[in-house]
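Enquirer: Mind looking at a prediction? Sequence and model below.
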Amino acid sequence: MDGRGKGFLPLVVGPTASGKSALAVALARELNGEIVSCDSMQVYRGMPVATAQPTPAERQGVSHHLIGFLDPSETYSVARFCGDALAAIAGVRTRGRLPLIVGGTGLYADALADGLRFAGPRGDPDLRRTLADRAEREGNEAMLRELASVDPVTAARLHPHDRKRVLRALELWYGSGVRLSEAERAFKPDQPPFDPLWIGVTFADRAALYDRIDRRVDAMVAAGLTEEARAAFERPDAATAAQAIGHKELFPYFEGRASLEECLARLKQQTRRYAKRQLTWFRRREEIHWLYADREEDLVGAALTLIRERRKVR
RNA sequence: GGUGCCAUCGCCAAGUGGUAAGGCAAAGGUCUGCAAAACCUUCAUCCCCAGUUCAAAUCUGGGUGGCACCU
């Protein structure tokens, strides 16, 4: 044993622009660690500004994993992330270092920390498309009714407008004869693979967070966001990458339908809403030790204390 | 100073006597192989005062504020 326990896994989470990345780098330097990003959009290449990937200067020599390694034409998913993250973590441990998970994609963080298994049936793009076409013609209500006849448990908790999830459940049933409601249980392992330490970073004052977001968008523009977005506009990304906030908001400007100012205002607003959603996601995770960037006099010190105390206990 | 028009939630905006549409924004929430996505919920008694009326955001008078034009 190296004294820190095989499965010890600190996770730094929180809304965008809260200062997660900077904190993580400081921790990594202090603890001989490497960073494993937990961000569904930073995985992509060609959008470093929009997704706020840490620059070489910001990384301060600390190794970062799962950032900018994937072509935007590829789709990504929780399942792929878990596989990639597990491999990255193993690599960091091999080097005798401490892996630090950092990122704002709550679903990914949860899935990784809880050790969700995705050994079951994969998605079926063709079937998915067929179902989507049917939903278009027959309506959401009809699709939900159909789901109710094969998987009443899942159907009961879904709203008819939530087409994405209704179709996903149907896809699973028609593709593999598995009910989503039953597959769920199989995902969670009895023995969690890690001993996670959740550290949340945010601002006690919501307005302060929103202000940080606005300023960061301005900084992105200064760093070349417009040029980056124009490239994406001219060569549209596929599936997952196209969902990122940062490029698509500027498209109306390129199309001459709105001013740059209007688009940037929209971009800031979308980012604020995203931060709000992140907050609701993480808030329900009670184990998170929250640190408030606008309250804490020494953020890094506070986080280090949390980590060292946990190690002592073990 | 005069004349005219206007005054409904943070913004836009329906409603011309019968008990306040809608959109945007905001807030709260959901979330298990697209999650920076998708979805759900909540959110005004109508500028103020007086009057007419069974009943007024809707009519009348006065006040206040804004816009336009005139001197």
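Expert: Sure, I can see it.

Enquirer: The stretch 151-300 of chain A against RNA strand B: which residues are in contact?
Expert: A:159, A:161-165, A:167-168, A:180, A:183-184, A:187-188, A:206, A:239-240, A:243-246, A:269-270, A:272-274, A:276-281, A:283-284 (CB under 7 Å from any atom of the strand). (C-beta placed from N, C-alpha, C; glycine too.)

Enquirer: give me that answer again for 6 Å
Expert: A:159, A:161-162, A:164-165, A:168, A:184, A:187, A:206, A:239-240, A:243-246, A:269, A:272-274, A:276-277, A:280-281, A:283-284 (CB under 6 Å from any atom of the strand).

Enquirer: Just the buried residues of those residues.
Expert: A:168, A:240, A:244-246, A:269, A:272, A:281 (16 or more other CB atoms under 10 Å).

Enquirer: which one of those residues sits closest to residue A:48?
Expert: Of all these, residue A:48 sits closest to residue A:246, with 10.4 Å by CB to CB.

Enquirer: That closest one and residue A:229 touch, don't they?
Expert: Yes. Here residue A:246 reaches residue A:229: they are 6.9 Å apart, a contact under CB atoms under 8 Å.

Enquirer: overlap in contacts of these two?
Expert: residue A:50 (CB atoms under 8 Å, 6 or more residues apart in numbering).

Enquirer: that older thread, how about the buried ones among the residues of the stretch 151-300 of chain A next to RNA strand B in a markdown table, adding distance to residue A:154 and secondary structure?
Expert: As requested, these are exported to a markdown table (distance: CB to CB, whole Å; DSSP: H, G, I helix; E, B strand; the rest coil):
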| residue | distance to residue A:154 | secondary structure |
| --- | --- | --- |
| A:168 | 9 | helix |
| A:240 | 24 | helix |
| A:244 | 29 | coil |
| A:245 | 29 | coil |
| A:246 | 33 | coil |
| A:269 | 33 | helix |
| A:272 | 32 | helix |
| A:281 | 21 | helix |
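
Enquirer: Which single one of those residues is nearest to residue A:67?
Expert: residue A:244 (13.7 Å).

Enquirer: which ones are touching the closest one?
Expert: Contacts of residue A:244 (CB under 8 Å, 6+ apart): A:41, A:44, A:47, A:50-51, A:237.

Enquirer: can we see that at 7 Å?
Expert: A:41, A:47, A:50-51 (CB atoms under 7 Å, 6 or more residues apart in numbering).

Enquirer: From these, list the buried ones, please.
Expert: A:41, A:47, A:50-51.

Enquirer: Filter these down to the ones in helices?
Expert: Judged by DSSP state H, helices contain none of the buried ones among the contacts of residue A:244.

Enquirer: thinking again about what came up before, of all the contacts of residue A:244, which comes closest to residue A:108?
Expert: residue A:41 (10.7 Å).
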